[in-house]
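Asks: can you look at this prediction? I've put the sequence above it.
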Amino acid sequence: MLSALEQRVLAEIDDAELIRWVQELTRLPSVWKPETGEGEEAAARWVEARCRALGLETHFEWAAPGRPNVIARLGPGAGPRTLMFEGHTDVVTEGDPALWTDPPFSATLRDGRIYGRGANDMKAGLVCALAAVQALARSGVRLGGEVLLGALCDEEGQMLGVKHFVERGWADRVTAAIICEPEENHLCVAQKGVMWLRAVVRGVMAHGAMPLTGVNSAYPLARFLTAVHGLEEREIARHGRHEFLGQPSITPTILLSPPRGAGEPQNNVMPGAAECVLDYRLIPGQDPDWLAGQTEQLLQAAVAVDPRLSGELTVLEVRHPTRTAREEPVVAALASAYADLAGAPPIYGGVPGSTDGTILNARRGIPIVTCGPGDIHIPHHVDEWVSVDEIKQAARLYVLAALRYLGVADD
Ligand SMILES: [Zn+2]
């Protein structure tokens with residue numbers, strides 16, 4: 001049941017403006033272009049301007065040259081809680097514009113959908129968070145805590161924005177975060193983790209006609225990969241299937257011999273080394289550090305047959321899996337908001353990839369829930385779109401979640 005106060009705050013949402021804002025922000029192409037140093041700045045300035053117009057304490061910070069974060073605060077509140085709404089301003093490349101029905105950054109409104117690169121992932125979610133903050137601010141309600149809006153850069157790349165946000169200490173005050181990524185407004189309480197490892201096996205280069213004058217690196221790499229496949233099967237047996245994320249996996253994604261930077265392959269040359277990249281997708285309960293240690297042991301066992309062989313393992317990236325209990329106050333607040341708005345129980349889910357929330361959770365232990373407007377499967381596709389109905393619902397979900405998570409201070 002919505003209280004009279006909740007209805008009063010929800011009435012501050014202006015749907016026409018909400019849709020117009022999604023279009024405006026989508027029309028600012030925020031694809032990172034390393035060759036020119038152009039990226040999120042125009043989109044970030046757009047968010048900054050709206051936050052300042054609301055009278056919010058607003059910070060514009062460079063996470064890296066050309067890569068800005070915008071952080072805005074509604075508060076301080078009467079209590080210790082700070083709820084963060086998190087979104088990223090960067091979008092992935094539009095690819096070949098000729099493949100699009102409408103120009104990729106036109107934000108065309110048609111049949112209840114807004115089409116455009118980034119409309120779904122995730123200009124719409126970010127605008128919904130902004131509209132929710134605006135409604136809360138305009139209503140004059142005295143919240144029992146603070147709302148912090150983070151419009152961060154480089155989620156699609158190295159996650160420089162959220163890492164900078166954490167390093168600057170912003171995350172220290174955050175007690176819960178809603179990650180506004182496109183999840184069809186489902187409540188995603190688990191996220192897969194990822195780890196990328198590079199293994200290089202070194203032998204001795206030789207003529208293909210006289211292989212015994214060298215040491216082949218391909219066979220030890222093959223033994224290593226077979227052993228890694230066994231590790232994958234043991235991990236699946238040990239951890240089973242997660243209700244939303246399925247089973248974990250270890251996938252060799254790159255196999256190269258000679259390795260990168262070691263010259264051109266030739267039919268009659270036995271290369272001196274071989275490399276592979278392994279893509280681990282992790283479910284809650286798996287420990288990436290332990291897995292990297294196991295993988296190192298398998299690599300050293302594979303090269304132990306000949307003293308002229310060596311193996312080298314490099315950790316390229318680790319993003320831990322996350323899980324948030326449904327009893328966490330932020331999840332419970334969103335769940336009750338969803339039930340009251342939709343007249344149906346919330347739909348729980350999981351995120352197959354990682355998000356900025358992964359960093360907030362891994363580095364500061366912040367409980368996160370990923371919930372935002374937009375079809376789950378459409379990010380990064382040609383003719384990306386977002387549903388207007390889901391946008392309207394998400395803005396209202398965020399308003400209610402903030403009111404219920406933070407509470408309202410007594411006058
Ligand atoms: Zn995204």
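Replies: That came in fine, so what should we check first?

Asks: quick check, central residue of the protein?
Replies: For the chain, Thr355 is the residue whose C-alpha lies nearest the centre (Cα atoms, centre = their mean; 1.6 Å).

Asks: what distance do you get for that one to the ion?
Replies: Distance from Thr355 to the ion, counting by Cβ to the ion, to the nearest Å: 7 Å. Placement of C-beta: from N, CA and C, glycine included.

Asks: and for His88?
Replies: 6 Å.

Asks: ok, and the closest non-adjacent residue to that residue?
Replies: With Cβ to Cβ, 6 or more residues apart in numbering as the criterion, His88 has its nearest non-adjacent residue at 3.4 Å, and that residue is Glu155.

Asks: now do the contacts for the nearest residue to Val269 once chain neighbours are set aside.
Replies: Excluding the flanking residues, the one nearest Val269 by Cβ to Cβ, 6+ apart is Gly208, at 6.2 Å. Neighbour list for Gly208: 267-270 [criterion: Cβ atoms under 8 Å, 6 or more residues apart in numbering].

Asks: just the ones of those residues in strands?
Replies: 269-270 (DSSP state E).

Asks: tell me the most packed of the contacts of Gly208, by neighbour count.
Replies: Highest neighbour count within those, by other Cβ atoms under 10 Å: Met270, with 22 neighbours.

Asks: gap between the nearest residue in space to that residue that is not next to it in sequence and Arg223?
Replies: Nearest non-adjacent residue to Met270, counting by Cβ to Cβ, 6+ apart: Ala206, 4.7 Å away. Separation of Ala206 from Arg223 (Cβ to Cβ, to the nearest Å): 19 Å.

Asks: same deal with Leu136?
Replies: Applying Cβ to Cβ to Leu136 and Arg223 gives a distance of 60 Å.

Asks: so for those two, which sits in the more crowded spot?
Replies: Leu136 (22 against 17).

Asks: list the contacts of that one.
Replies: Residues counted as contacts of Leu136 (Cβ under 8 Å, 6+ apart) are 9, 12, 74, 143, 147, 399, 402-403.

Asks: please identify the helix or strand for it.
Replies: Here Leu136 is covered by helix 124-139, with elements defined by DSSP states H and E.

Asks: so for the residue nearest to His88, what's the pLDDT?
Replies: We have a pLDDT of 95 for Glu155.

Asks: surely it touches Lys163?
Replies: No - counting by Cβ atoms under 8 Å, Glu155 sits too far from Lys163 to count as a contact (10.6 Å).

Asks: more neighbours: those two, which one.
Replies: More crowded of Glu155 and Lys163, by other Cβ under 10 Å: Glu155, with 27 against 17.

Asks: phi and psi next, for that one.
Replies: Dihedral pair for Glu155: phi -70, psi -30, per degrees, to the nearest 10.

Asks: many thanks, we can stop here.
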